[in-house]
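Student: quick one, what's the 3D model for this:
(chains A and B)
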Amino acid sequence: MFIRVADETKGNNEIVEIPVDGGIDGSVSLSTLAAQFQGVSALKYRNSETSVWRGVRVADGKLYHPDGVWDPDSVYVTVYSKPISSDIKRKGVGEQQEELTIPTLGQGKSQRIDYGQELIIDGENEPDRRCVDLIVLGISYRSIEADVKKCFEAFGELVFCEIKRDANGQSRGFGFIRFKNYESQLAVINKRHFIDGRHVDVKIPDSKTSAHEPECARKIFVARLPDNITPDDLRQYFAKYGAIKDVYIPKPARSFAFVTFHDSNIVRTLFGTHIILGCSVTVGPAEPKNKPSAIGDYPSSTFKRAKPDHSSLRTLTAYGASPAHPHYHQQYGQTPNTDMMHTFFQQYGATATGSPKGPFSNAQQSYWSGTHEEAAAVWQQQQQQHYR
DNA sequence: GTTGAGCGTT
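Tutor: Numbering: from 1, shown residues only, chains lettered A, B, ... in the order given. Next comes the predicted model:
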């Protein structure tokens, strides 16, 4: 049996027939698909009842039809993990078509991540595949770095490996590692490993800054969701990153959701773009209820989308970003400065490129360029305020 | 020379 697959972005509507594996699970091999469509990560198809795109399930390098049966007459459309190609443009959001820039953050460095300040992403520059330093607990006092390295390199390339020692060089029995690729991190985390005859545990480290955090620190804001998405869809997708405590989708659907994890440390590694059921969604930090604050204490509601004729959607307008808007200035007591803007954009894996009018001149507006996703996330975050 | 929950002089 074959299924019919097309790549909308090619514009030629060429259909390629892809074989379905003969095995009992009736899956389509991702690698077989990728041989025809380079870089493909999933497939989607139109739900005949609702006309909404529906994504096929992807697991272990295989694609599974959600209904268990592939329709030989349907045309399945390729989905790519690089953030948004024009085919993922979604209804109702009113996005303009635009080629997107994937934010380029620092290349992997052999340094510890300063949480919340710097996000290291792997060699593919995928914002949703970030590695963090992992703590390794229970290392034998006799083990050296090479022993730890040997154990974990079986899961992938390490960019960092260190055993903590006291002033005399005596091992303190724990250390830190970081992988180059996110798959490796997923493979080792929260599992027990053996080094020099002792079992060791690998975890996302607690940090002092994350102790006694409010619930919103364990919560992500997921924007640009299709309205037919279910809590189970989100659970299924995000479960691979960490234990989920709660999923909240407003009723009626408002294109966003909150997912709360048990561990706050995983949260910041998720900021950026994800492909869920074939749709490109944006994950950002959840804001505390009743306390909107996008930049420090500055309200996110002061950020609007720039007009489409102004450098298109990658540009945000920071209203009130100058003393020319005394209302906001007085109400919130501060004006966002350059550092705050950069921190704000960084949450979304974006890089602010500054205002063409110069930062916080006396102009009425300042323009800041982030990514398309970032602009969409900020816009959605404003909407969120109206429903909470 | 011993020990065995923890959270990092970068």
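Student: contacts, neighbours, all on C-alpha from now
Tutor: Noted.
Student: and the residue of the stretch 201-350 of chain A closest to DNA strand B?
Tutor: Scanning the stretch 201-350 of chain A for the residue nearest DNA strand B gives residue A:205, at 3.4 Å (criterion: CA to the nearest atom of the strand).
Student: nearest residue to residue A:131 other than its sequence neighbours?
Tutor: Distances taken as CA to CA, 6 or more residues apart in numbering place residue A:182 nearest to residue A:131, at 5.5 Å, with adjacent residues excluded.
Student: tell me which element residue A:233 is part of?
Tutor: According to DSSP states H and E, residue A:233 maps onto helix A:231-238.
Student: would you mark the buried spots in that helix?
Tutor: Of the residues in helix A:231-238, those buried under the neighbour-count criterion (16 or more other CA atoms under 10 Å) are A:231, A:234-235, A:237-238.
Student: so for that helix, mean pLDDT?
Tutor: Mean pLDDT, computed over helix A:231-238, is 94.
Student: stretch A:25-35 now?
Tutor: Per-residue pLDDT values over stretch A:25-35 give a mean of 82.
Student: again, but for stretch A:165-180
Tutor: Average pLDDT, stretch A:165-180: 93.
Student: so does that stretch get close to DNA strand B?
Tutor: Yes: shown here: stretch A:165-180 in contact with DNA strand B (CA under 7 Å from any atom of the strand) through A:165, A:172-174, A:176.
Student: highest neighbour count among those?
Tutor: Compared across these, residue A:176 has the highest neighbour count, 22 neighbours, by other CA atoms under 10 Å.
Student: A strand includes it, no?
Tutor: Yes: using DSSP: H, G, I helix; E, B strand; the rest coil, the secondary structure at residue A:176 is a strand.
Student: just to revisit the earlier point, next secondary structure after the helix holding residue A:233?
Tutor: With elements assigned by DSSP H and E, the helix or strand that comes after helix A:231-238 is strand A:244-248.
Student: okay, that following strand in CSV with CA atoms only?
Tutor: The C-alpha coordinates for strand A:244-248 follow below in CSV (Å, rounded to 0.1, in the frame of the first residue of the first chain):
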residue,chain,number,x,y,z
ILE,A,244,3.0,17.3,33.5
LYS,A,245,0.9,18.5,36.4
ASP,A,246,-1.9,20.2,34.5
VAL,A,247,-3.1,21.3,31.1
TYR,A,248,-5.5,24.2,30.7
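Student: worst-scoring helix or strand of chain A, pLDDT-wise?
Tutor: Within chain A, confidence by mean pLDDT, DSSP states H and E is lowest for helix A:326-332 among all helices and strands, at a mean of 35.
Student: now chain A against DNA strand B: closest residue?
Tutor: With distances taken as CA to the nearest atom of the strand, chain A approaches DNA strand B most closely at residue A:173, which sits 2.9 Å away.
Student: now the stretch 101-250 of chain A, which segments are flagged as low pLDDT?
Tutor: Applying pLDDT under 70 to the stretch 101-250 of chain A picks out residues A:101-129, A:190, A:207-213.
Student: what ranges does it have for its strands?
Tutor: Remark: strands of the stretch 101-250 of chain A, listed N- to C-terminal, are A:134-137, A:158-165, A:171-179, A:192-195, A:198-203, A:219-223, A:244-248; assignment by DSSP state E, counting those that start in this stretch.
Student: just those strands: most buried one?
Tutor: Scoring these by mean neighbour count under mean count of other CA atoms under 10 Å gives strand A:219-223 as the most buried, with a mean of 25.
Student: give me the helices and strands touching that strand, please.
Tutor: Other helices and strands packing on strand A:219-223, by 3 or more CA pairs under 8 Å, 6 or more residues apart in numbering; DSSP states H and E, are strand A:256-261, strand A:279-285, helix A:372-385.
Student: need the least confident one among these, by mean pLDDT.
Tutor: For these, where the average pLDDT is lowest is helix A:372-385, sitting at a mean of 51.
Student: please settle this for me: is residue A:34 part of a helix?
Tutor: Yes: assignment of residue A:34 by three-state DSSP places it within a helix.
Student: quick one: contacts for it?
Tutor: Residues in contact with residue A:34 (CA atoms under 8 Å, 6 or more residues apart in numbering) are A:40-41.
Student: how about 7 Å then?
Tutor: Contact partners of residue A:34, counting by CA atoms under 7 Å, 6 or more residues apart in numbering, are residue A:40.
Student: what does residue A:283 give?
Tutor: Contacts for residue A:283 were tallied using CA under 7 Å, 6+ apart; they are A:220-223, A:270-273.
Student: what's across from it in the sheet?
Tutor: Beta-bridge partners for residue A:283, by DSSP bridges, are residue A:222, residue A:272.
Student: same check, this time on residue A:260
Tutor: Each beta-bridge partner of residue A:260 is listed here, defined by DSSP bridges: residue A:219, residue A:246.
Student: what is the neighbour count of it?
Tutor: Residue A:260 has 25 neighbours, counted by other CA under 10 Å.
Student: how about residue A:35?
Tutor: So residue A:35, with other CA under 10 Å, has 11 neighbours.
Student: which ones are touching the closest residue to residue A:138 other than its chain neighbours?
Tutor: With sequence-adjacent residues excluded and distances taken as CA to CA, 6+ apart, residue A:138 is closest to residue A:200, at 4.7 Å. Residue A:200 sits next to A:136-139, A:192-194 when contact means CA under 7 Å, 6+ apart.
Student: also residue A:186?
Tutor: For residue A:186, no contacting residues are found, by CA under 7 Å, 6+ apart.
Student: spit out the contact partners of residue A:198.
Tutor: With contact set as CA under 7 Å, 6+ apart, residue A:198 has these partners: residue A:140.
Student: so what's it bridging to?
Tutor: The bridge-partner assignment for residue A:198, based on DSSP bridges, gives residue A:195.
Student: could you do residue A:276 as well?
Tutor: Under DSSP bridges, the residues paired with residue A:276 across the bridge are residue A:279.
Student: how many residues are close by it?
Tutor: 23.
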